[in-house]
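Colleague: Predicted structure and sequence below. I'll ask about it afterward.
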Amino acid sequence: MTAQPHAPSYYAASANPAPQRPALKGNISADVCVIGGGYTGCHAALTLAEQGYRVVLLEANRIGWGASGRNGGQLCTGFARGQGSLEKALGKADAARLFQLAEEAKAIVARRIEQHRIACDLTWGYLYGAPKARHLEGLRHELEELEANGYRRARLLDRAGLAPHLASDAYVGGLLDEGAGHLHPLNFALGLAAAAAAAGASLHEASAVTRVTPGAKVRVETAEGSVTADFCVAACNAYLDGLLPQIQSRMMPVATYMTATAPLGENRAKALIPSNVAVGDTNFVLNYFRRSADHRLLFGGGVSYTARMPASLPADMRRTMLRVFPQLADARQDFTWGGNVSITQDRAPHLGRVAPNLYFAQGFSGQGVAITAIAAKVIAEAIKGQAERFDLFARIPHRPFPGGKYLRAPTLALAMTWFRLRDRL
Ligand SMILES: Cc1cc2nc3c(=O)[nH]c(=O)nc-3n(C[C@H](O)[C@H](O)[C@H](O)COP(=O)(O)OP(=O)(O)OC[C@H]3O[C@@H](n4cnc5c(N)ncnc54)[C@H](O)[C@@H]3O)c2cc1C
């Protein structure tokens, strides 16, 4: 298998310089072998290397090649699943502790960006836009849940209150969260990897893992080498592709897409989103958008269940973007790209062990920019022998997707068609 370059996205075109990391050659040993060079893998490698572990990270393509280098860059509060639903599954006390871990995740991201001087345009402020009055009621309920967990950085806005933030008639109100924000996702991943390498981790690109054999030591093989390690962390997320069949059925890779306009000029871009918040709406198949540092609109939305990007995608995304911002009718689109998110049935992250020394984290359900930071941290704690916070995540129940390997995607596609219809009602 040949390593693939970064997807041709706005992010790849504006990436900070990063060295090519050598492919693994030969047989080596390590304390920990990390598989996957996205946020989960890079955070894990950095955390463990900082603590003195000998860490080897193997990435099949380039660092940040997967979702971590392609996403909306939205650094969100809490979990995609929602606090109410977590409480039902785990009880109030554990759900509250998980919320605090999600808060810690955002703090880790911010601290690492500052400590390692990662140039990734971190900006605070997030707006959940409600297209319909009933969605605003849902946001009111979410605000109550946030406040019940001691969160004081969010407030509801009516239509008039949206005006300082967003120049769109598509929303009747929203929830402003000053404790969430946005960043350049690929540059964040590259910065984390550089910090991990500086802390002593050995990073290898073009090193696809072909086999993982658990045992007293875990053996991890690539085409040209192998790592024998006391511990292994599988951080392949939506790109797992059968490597660990034991966990594959608990998550579904779903393709989702983004488009970037040409630079609009500072005044025009600021007129769209004056306060420079990131925006996500409350539709089930959500639209999410924000300004880039060079004054483009970056717009995400839409999903598909086929491996190829649909040919009509740039035009479809343009139509959706113009429903939110009709004032962009003359704006050129410079880039359109896609990537795979890994979703779980209940939209909560899936952490666990395949064997006592073989850990995994996946299924961030579209909210991994923040949550991967704490997933990696609790795995590092468990490797060190302190598994209490890891166990809290591992206790979240996860059902397999129905339909087996081949029917899972069509089954989900049907469900998504229904949700899309419901959004229109
Ligand atoms: C278009 C898009 C928009 C999104 N928007 C947002 C957003 O705004 N906010 C948010 O919070 N989340 C968002 N997400 C989700 C977020 O990007 C992910 O949750 C997060 O990046 C997951 O990080 P990860 O490290 O677990 O996985 P990834 O970044 O996908 O990394 C997995 C890596 O593992 C490697 N790999 C796989 N198999 C092997 C193997 N056998 N050997 C070696 N390496 C292997 C892959 O090459 C890949 O680089 C979005 C995702 C997409 C695709």
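Modeller: Thanks, I have the structure now.
Colleague: Nearest spatial neighbour of the spatially most central residue of the chain, chain-adjacent residues omitted?
Modeller: In the chain, the residue lying closest to the centroid (CA atoms, centre = their mean) is residue 368, at 2.8 Å. Leaving aside its sequence neighbours, residue 368 sits nearest to residue 39 (CB to CB, 6 or more residues apart in numbering; 6.3 Å). Just so you know, the C-beta spots here come from the backbone N, C-alpha and C atoms, and that holds for glycine as well.
Colleague: Thought residue 370 was touching that neighbour, still the case?
Modeller: No - using CB atoms under 8 Å as the test, residue 39 is too far from residue 370 to be in contact (9.2 Å).
Colleague: neighbour-wise, which of the two wins?
Modeller: Neighbour comparison, residue 39 and residue 370: the larger count goes to residue 39, with 32 against 27 (by other CB atoms under 10 Å).
Colleague: Enumerate every residue touching that one.
Modeller: Going by CB atoms under 8 Å, 6 or more residues apart in numbering, residue 39 touches 68, 188-189, 192, 368-369, 372-373, 376.
Colleague: which among those residues are in contact with the ligand?
Modeller: By CB under 6 Å from any ligand atom, the members of these lying near the ligand are 68, 368-369, 372.
Colleague: sorry, back to before: any idea of the pLDDT on the residue nearest to residue 368?
Modeller: At residue 39, the pLDDT value in this model is 98.
Colleague: can you offset everything so residue one is 181?
Modeller: OK, 181 is where the count begins now, so the last one is residue 219.
Colleague: quick revisit: got a markdown table for the ones next to the ligand among the contacts of residue 219, with distance to residue 386 and secondary structure too?
Modeller: Shown next, in a markdown table, are these (distance: CB to CB, whole Å; DSSP: H, G, I helix; E, B strand; the rest coil):
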| residue | distance to residue 386 | secondary structure |
| --- | --- | --- |
| 248 | 17 | helix |
| 548 | 23 | helix |
| 549 | 25 | helix |
| 552 | 22 | helix |
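Colleague: Out of those residues, flag the one nearest to residue 350.
Modeller: Among those, residue 549 lies closest to residue 350 (CB to CB), at 23.9 Å.
Colleague: Hmm, that closest one is touching residue 364, no?
Modeller: No - contact criterion CB under 8 Å: residue 549 and residue 364 do not qualify, at 10.8 Å.
Colleague: joint contacts of the two?
Modeller: Joint contacts of residue 549 and residue 364 (CB under 8 Å, 6+ apart) are residue 253.
Colleague: Let me know the closest of the ones next to the ligand among the contacts of residue 219 to residue 580.
Modeller: Using CB to CB, those come closest to residue 580 at residue 548, 20.7 Å.
Colleague: residues touching the closest one, list them.
Modeller: 218-220, 247-248, 251, 417, 521, 529.
Colleague: Please indicate which of those residues are buried?
Modeller: Buried members of the contacts of residue 548, counted by 16 or more other CB atoms under 10 Å: 218-220, 247-248, 251, 417, 521, 529.
Colleague: Format those residues as JSON lines; extra columns: distance to residue 274.
Modeller: What follows is these, written out as JSON lines (distance: CB to CB, whole Å):
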{"residue": "218", "distance to residue 274": "27"}
{"residue": "219", "distance to residue 274": "24"}
{"residue": "220", "distance to residue 274": "22"}
{"residue": "247", "distance to residue 274": "27"}
{"residue": "248", "distance to residue 274": "28"}
{"residue": "251", "distance to residue 274": "28"}
{"residue": "417", "distance to residue 274": "24"}
{"residue": "521", "distance to residue 274": "25"}
{"residue": "529", "distance to residue 274": "14"}
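Colleague: Please give the centre-to-centre distance between the lengthiest helix in the chain and its chain.
Modeller: Counting by DSSP state H, the longest helix found in the chain is helix 272-295. Helix 272-295 sits 15 Å away from the centroid of its parent chain (CA atoms, centre = their mean, to the nearest Å).
Colleague: Which strands or helices does that helix pack on?
Modeller: Helix 272-295 sits against helix 219-230, helix 263-270, strand 353-362, helix 365-378, helix 548-564, helix 568-574, with contacts defined as 3 or more CB pairs under 8 Å, 6 or more residues apart in numbering; DSSP states H and E.
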